[in-house]
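A.B. asks: requesting a structural model of the entry that follows:
(chains A and B)
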Amino acid sequence: MNDVANGPSLFRPVAHAAGDLVALGADGVRRGSDLLRDVLAVARRLPPPGPGSEVLVVCGDRYHVAVAVLAAWERGHAVALPPNAAPETVRALRRRPGVVALLHDTDTPDEFDLRPWLGDELSPGTGPSGPVGGADELSPGTASANAVGVGEELSPGTGPAGLAGIDGARVIATVYTSGSTGAHQACPKTAAQLLGEAATLARCFAVTPARRVVATVPPHHLYGLLFSVLMPLAAGASFVRETPLHAETVAATARRHAADLLVSVPIHLRSLTVLDAGELPSFAGVFSSGAALPSETAAALGGLGLAVTEIYGASETGGIAWRRHLPGALEATWAALPGVEIVADASGRLLLRSPFLPPDAAIPFACEDVIEVVEGGRFRLLGRRDGVLKIGGKRVALAEVEQRLLAQAWLADAAVAASAVEGPRGQEIVAAVVARTPGPDAELVARVRQGLLQWFDPVVVPRKIKVVPRLPREASGKLTRASLLALFERPAAKEGPPRTEFVIREQREVAGGHRFAVQVPRDLAFFRGHFVGLPVLPGVAQLVALVLARARALYPELGEPRRIARLKFRRAIAPGDELELQLRLDAPRRQLSFTLARAGEQCSAGVLDFSGEFASGLEDMSGGTGG
Amino acid sequence: MSTAAAPPAPLVREIKELIIEALMLQDMSPDDIDPEAPLLVEGLGLDSIDVLELAMAINKKYGVKTKADDAQNRHIFASVNNLATFIHEQQAA
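C.D. replies: Down below sits the predicted model:
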């Protein structure tokens, strides 16, 4: 970053001089002078900026991503990077207010293909047809005070390092989370967040201009964008344009372009372990993020002579911490990235102060992870906050059970989840494990159980342990609770009697009422026969079996409700959902209001009237199915 | 890649079983998989992670490695028959 005395911080995205290498690939080498020429050519064709204007960037080639993003910034726009290139996703994002143009390098033959405007590209179509987004050609003087303005002629030898610095407070990008709940969440980023982090990463990992990055992850998620495009740009280093997937392709691509930094995710790194020592080039650095790197993969890569640097962070928070596994020595603790401060509150919850947080974030920002700070300011990651539960009065962290499983050398992978059950336990832990060498399931399960009993009270040792060939992880390596629990679903024929009660995990008294943490059991009777294949909880079940049941237990004196008012069903409730129920009693009016929310989003709400002033009965309750 | 000769039927069946086992498609039997149908998206609906998983399983079982070019790999993993032909050729080589 470049601090201007008494002025706003300006961030320069590119450090390259004209002759410096920027990108390598099958479609050719690009240097600083090429990048500057192409950025200005594309910027000239973009419509003028307005408040909140965004350019949608859907490019697979990293050089095209760099050109599109820098051109949009140079012109005064922000960019939005769709979570995937699926036509429906792109169509939906094009409808976002503020989106003024689309830049892509896909095979869709339309005027938004940016390749015809680039100097060295063979134009696949008829060539440039005019500005994108239907706006006028840029008139001189509309751009902000640029070092190299889009309206200016280029003098020979100019490099992209001369592109305008960007005010740190300006929102320059929207990235999307992959989202363990399935929904994509938009994360707007300022220049200080995004370019500040790129510069910090380049310094922290000593990325010199000679380094060449190859990545197996696409450049549209925050991690891929930062590590495979923005970090090399900030460092004056270069990147490979393609995204190889198969182990042999990764090795060949890295060799062909003499790449020495590999940016990847655990599941891709795992597939590299089929290679023999010497097949992979000796990378100076290997980065992994998106999910925890299984110790088996780290050890196998160590055997190939590779040290893996793991990055801990999230789309919402940016990078938080890192650790490096040296061959033969797995690292258990994390170090905060430069400028990031980490403390734990009394419950162990991670409290974060970071220049990569959104400007409007609460400081310190309370993360959903639990940590243990150890000597030297480093910390151990203990797992998600919601991963701590009580079984039969014994407190247990799911992450700890999982770590003890992964520490058993004969297991290749393992994961655990909590699931609601009938009876005094209330919930139980289920575990799915992948054995390295096959054997009879019963023997393997007994061995897993024996291993855990050395560490845990028998009450908390998973009762259901399933041996599977592999875990249903997502592309990022993430494993959702729902897909893990699905492994344990009983076949329909063996289903037991259906349940009619919700699981109340926690109950608290709050001002004017009560708050409950509720789990919706997967085998709740109300899901039977309701929208086959798309189970949602009927509204009447929410009211009678949950809201009214709690109300009767808390306030038996109220009697029967006479009327229901302001009843709303906004979001469908599905099996396995974790909900928060709030009840507020207006005692003088004998009215009880309720809200049912999931992850802070309201699912349903209404007011139960016990006053007896209306005698219309409960017929209002039949409305809505919760979906 | 030559597709002149059809791959041996036992190998085709073995690969179907390997796919079902490696990708946990417990609800399927080998007969449910059309050896000519695309494995990715439109057919079995495999994604890139499944393909990597399958590549590892094939490496383990047959000692065969995929190509150093993802375009060729897309062709190899396009269908059960392509996969069987590739493994057959590699084993013969």
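
A.B. asks: going forward, measure contacts and count neighbours with C-alpha atoms only.
C.D. replies: Will do.

A.B. asks: where do the strands sit along the stretch 451-600 of chain A?
C.D. replies: A:464-467, A:503-510, A:513-519, A:563-569, A:578-586, A:591-598 (DSSP state E, counting those that start in this stretch).

A.B. asks: out of the ones you listed, which gets the lowest mean score?
C.D. replies: Across these, strand A:563-569 has the smallest mean pLDDT, namely a mean of 76.

A.B. asks: rewinding a little: chain B is nearest to which of the strands of the stretch 451-600 of chain A?
C.D. replies: Of all these, strand A:464-467 sits nearest to chain B, with 11.4 Å by CA to the nearest CA.

A.B. asks: for that closest one, buried residues please.
C.D. replies: For strand A:464-467, burial by neighbour count (16 or more other CA atoms under 10 Å in any protein chain shown) applies to A:465, A:466, A:467.

A.B. asks: and stretch A:101-112, by the same measure?
C.D. replies: Neighbour counts over stretch A:101-112 (16+ other CA under 10 Å) mark A:101, A:102, A:103, A:104, A:105, A:106, A:111, A:112 as buried.

A.B. asks: okay if I get these as a markdown table plus secondary structure, distance to chain B and pLDDT?
C.D. replies: Formatted as a markdown table, the buried residues of stretch A:101-112 follow (DSSP: H, G, I helix; E, B strand; the rest coil; distance: CA to the nearest CA, whole Å; pLDDT from 0 to 100):
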| residue | secondary structure | distance to chain B | pLDDT |
| --- | --- | --- | --- |
| A:101 | strand | 29 | 95 |
| A:102 | strand | 26 | 95 |
| A:103 | strand | 24 | 96 |
| A:104 | strand | 21 | 94 |
| A:105 | coil | 18 | 93 |
| A:106 | coil | 16 | 86 |
| A:111 | coil | 27 | 84 |
| A:112 | coil | 25 | 89 |
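
A.B. asks: element containing the residue in chain A that chain B sits nearest to, please.
C.D. replies: Nearest residue of chain A to chain B, counting by CA to the nearest CA: residue A:249, 4.0 Å away. Counting by DSSP states H and E, the element that carries residue A:249 is helix A:247-256.

A.B. asks: which other helices and strands does that helix contact?
C.D. replies: On a contact count with 3 or more CA pairs under 8 Å, 6 or more residues apart in numbering or on different chains; DSSP states H and E, helix A:247-256 meets helix A:266-272.

A.B. asks: which neighbouring elements make contact with the helix it packs on?
C.D. replies: Secondary structure elements in contact with helix A:266-272, counted by 3+ CA pairs under 8 Å, 6+ apart, are helix A:247-256, helix A:295-303, helix B:48-62.

A.B. asks: wait, residue A:602 sits on residue A:570?
C.D. replies: Yes. Assessed by CA atoms under 8 Å, residue A:602 is found in contact with residue A:570 at 6.9 Å.

A.B. asks: could the buried residues of strand A:464-467 be laid out in TSV, adding distance to chain B?
C.D. replies: As requested, the buried residues of strand A:464-467 are arranged in TSV below (distance: CA to the nearest CA, whole Å):
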residue	distance to chain B
A:465	16
A:466	13
A:467	11
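
A.B. asks: just send the residues you listed back as a markdown table, with distance to residue B:61 too.
C.D. replies: Listed next are the buried residues of strand A:464-467 as a markdown table, based on distance: CA to CA, whole Å:
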| residue | distance to residue B:61 |
| --- | --- |
| A:465 | 27 |
| A:466 | 23 |
| A:467 | 20 |
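
A.B. asks: just give me the closest of those to residue A:265.
C.D. replies: Among the buried residues of strand A:464-467, residue A:467 lies closest to residue A:265 (CA to CA), at 24.2 Å.

A.B. asks: interface residues of chain B facing chain A?
C.D. replies: Residues of chain B lying close to chain A by CA under 8 Å from any CA of the partner chain are B:21-24, B:48-49, B:52-53, B:56, B:59, B:65-70, B:73.

A.B. asks: of the residues you listed, grab the buried ones for PyMOL.
C.D. replies: To isolate the buried members of the residues of chain B next to chain A in PyMOL, using 16+ other CA under 10 Å:
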select buried, chain B and resi 21+22+23+24+48+49+52+53+56+59+65+66+67+68+69+70+73
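
A.B. asks: buried sites along stretch A:439-451?
C.D. replies: Within stretch A:439-451, the residues that count as buried by 16+ other CA under 10 Å are A:444, A:445, A:448, A:449, A:451.

A.B. asks: what helix or strand is the first one on?
C.D. replies: The reference is to residue A:444. Assigned by DSSP H and E, residue A:444 falls within helix A:441-453.

A.B. asks: mind saving the C-alpha coords of that helix as CSV?
C.D. replies: Output of helix A:441-453 as CSV, limited to C-alpha atoms (Å, rounded to 0.1, in the frame of the first residue of the first chain):
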residue,chain,number,x,y,z
ASP,A,441,-16.7,-53.2,8.6
ALA,A,442,-17.4,-54.6,12.1
GLU,A,443,-13.7,-54.9,12.8
LEU,A,444,-12.9,-51.4,11.6
VAL,A,445,-15.8,-49.9,13.6
ALA,A,446,-14.6,-51.7,16.7
ARG,A,447,-11.1,-50.4,16.2
VAL,A,448,-12.4,-46.8,15.7
ARG,A,449,-14.4,-47.1,18.9
GLN,A,450,-11.5,-48.5,20.9
GLY,A,451,-9.3,-45.6,19.7
LEU,A,452,-11.8,-43.0,20.9
LEU,A,453,-12.4,-44.7,24.2
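
A.B. asks: given the host helix or strand of residue A:55, what are its sheet partners and their directions?
C.D. replies: Assessed by DSSP H and E, residue A:55 sits inside strand A:54-58. Strand pairing for strand A:54-58, determined by DSSP bridges: strand A:78-80 (parallel), strand A:99-104 (parallel).

A.B. asks: report the distance from the helix or strand that the shortest one is followed by to the chain centre.
C.D. replies: Later in the chain than strand A:78-80, the nearest helix or strand by DSSP H and E is helix A:87-94. With CA atoms, centre = their mean, to the nearest Å as the basis, the distance from the averaged C-alpha position of helix A:87-94 to the chain average is 19 Å.

A.B. asks: helix A:87-94 - contacts with which helices or strands?
C.D. replies: In terms of contacts (3+ CA pairs under 8 Å, 6+ apart), helix A:87-94 is not packed against any helix or strand.

A.B. asks: buried sites along that helix?
C.D. replies: Buried-residue list, helix A:87-94, by 16+ other CA under 10 Å: A:90, A:93, A:94.

A.B. asks: neighbours of the nearest residue to the first one once chain neighbours are set aside, how many?
C.D. replies: Among residues not flanking residue A:90 along the chain, residue A:82 sits closest, at 6.5 Å (CA to CA, 6 or more residues apart in numbering or on different chains). The local packing count at residue A:82 equals 25, with neighbours defined by other CA atoms under 10 Å in any protein chain shown.
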